[in-house]
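Novice: A structural model of the following input is requested.
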Amino acid sequence: MPRRTATMLASTLMLIALLCAGVLIKVPYAEMTPGPTVNTLGDHDGEPVLQISGRKTYPTTGHLNMTTVRVTSADYNMNLVSAVYGWLAHDSIVVPHATLYPDGKTEQQSSQENAEEFSQSQESAKVAALNELKIPVRSWVIVQSVIKGSPSEGRLHAGDVIKAVDGAEVEKPADVAKLVTKHKPGEDVSFTIVPVKDAAAAEKEGKQATRTRKVTVTTEKAKDGRAIVGIQAGTDHTFPFAIDIKLADVGGPSAGLMFALGIVDKLTPQDLTGGKFVAGTGTIDDDGKVGPIGGIQMKTVGARGKGARYFLTPKDNCAEAAKDVPGGLTLVKVNTIDDAMNALKDIRSGNTAGLPKCTVKG
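Specialist: Below is the predicted model:
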């Protein structure tokens, strides 16, 4: 056999061997790719995404698209070849498996957590939108969850309204933790509550429950030495009219900003987009503050692929997003719902030169 032929054969066999090894070698990574993007002003699976009743609504045009990412499953075993391909591809990101499934979380646990965050993001979006429109929303602090085996189990229940802690009125969930941690582990904390059943009955009648009772819980020591009682405080709301968000198979809190803007658009005569295609992402809290999310680069790729020209980007995601911007897409920096409203005003008027754009510096 000629030397050149032998060399080529040996090289070919080595390449095949390397490819086989690459397929067989498993690496602890996962993959993120662009997911579906849905217009919050439009329909999804045959019904409007935003459904409002009991209040006058107005026609809308254009797009206010929420964006998502797809991720590989918790039990997906990525091989070396797939990892290398993902690192080189424009429309995928390879990340450590623990980034998507920390602490050994199963896919079911992650999905449950994402569903809870998605539900909470909807509530915050409604509150932020109505606050933006100066429509009053009644809010109160509740026991959001009780940790099994904690001192509060059997004494406090999810849905109980927390009126005060040690006689001090609470206005926000953070007030509860602040008052509890003033104690030393082993000391008693007095909660003034409206039991969940009484609160639910009053709400059904359109009233506010006034009868309260006191519950004493003995604190225990947390790993960091703080006094805790084993509850997660949250916020519940009563809205002056019905707002339903119909979007299945989506999880996480990142659609909050776009839901809020969609609600505002439907409740105001002014067309927010002026017919333009705007997409975006970002968590939102009750006060309208926009927070960062994961997978920003995949969301911009997905949005541009559907035709978006402008992308509302959380301030803290700007630097990452600006590293690889799809052609024809303008990244607009926002930190609050007010920032987003101002940006939409410039976009619909065509005055885009002054938009706060994302850069690699933020």
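Novice: run the chain-centre distance for whichever strand or helix holds V38.
Specialist: Using DSSP states H and E, V38 falls within strand 29-39. Here strand 29-39 is found 14 Å from its chain centre; the criterion is C-alpha atoms, centre = their mean, to the nearest Å.
Novice: quick check: next helix or strand after it?
Specialist: strand 43-44.
Novice: strand partners of the next helix or strand after that following strand, parallel vs antiparallel please.
Specialist: As assigned by DSSP H and E, the chain's next helix or strand after strand 43-44 is strand 47-48. According to DSSP bridges, strand 47-48 forms sheet pairs with strand 43-44 (antiparallel).
Novice: now do the contacts for the most centrally placed residue in the chain.
Specialist: For the chain, P253 is the residue whose C-alpha lies nearest the centre (C-alpha atoms, centre = their mean; 1.3 Å). Contact partners of P253, counting by C-beta atoms under 8 Å, 6 or more residues apart in numbering, are 117-118, 120-121, 283, 291, 293. Heads up, the C-betas are built off the backbone N, CA and C, glycines and all.
Novice: so which elements touch the strand holding V38?
Specialist: Applying 3 or more C-beta pairs under 8 Å, 6 or more residues apart in numbering; DSSP states H and E, one finds that strand 29-39 makes contact with strand 63-71, helix 80-88, strand 93-96, helix 97-100, helix 296-305.
Novice: at 10 Å what do you get?
Specialist: For strand 29-39, the elements it packs on are strand 63-71, helix 80-88, strand 93-96, helix 97-100, helix 256-267, strand 277-280, helix 296-305, judged by 3 or more C-beta pairs under 10 Å, 6 or more residues apart in numbering; DSSP states H and E.
Novice: local confidence estimate at the residue nearest to the centre of the chain?
Specialist: pLDDT recorded at P253 is 89.
Novice: any idea how far it is from K182?
Specialist: 30 Å (C-beta to C-beta, to the nearest Å).
Novice: ok, A340 next?
Specialist: 38 Å.
Novice: likewise K223?
Specialist: K223 is 19 Å from K182, by C-beta to C-beta.
Novice: which one's more surrounded, these two?
Specialist: K182 (13 against 6; other C-beta atoms under 10 Å).
Novice: am I right that that one is in a strand?
Specialist: No - using DSSP: H, G, I helix; E, B strand; the rest coil, the assignment for K182 is coil, not a strand.
Novice: any idea how far W140 is from it?
Specialist: Distance from K182 to W140, by C-beta to C-beta: 22 Å.
Novice: alright, that wraps it up for me.
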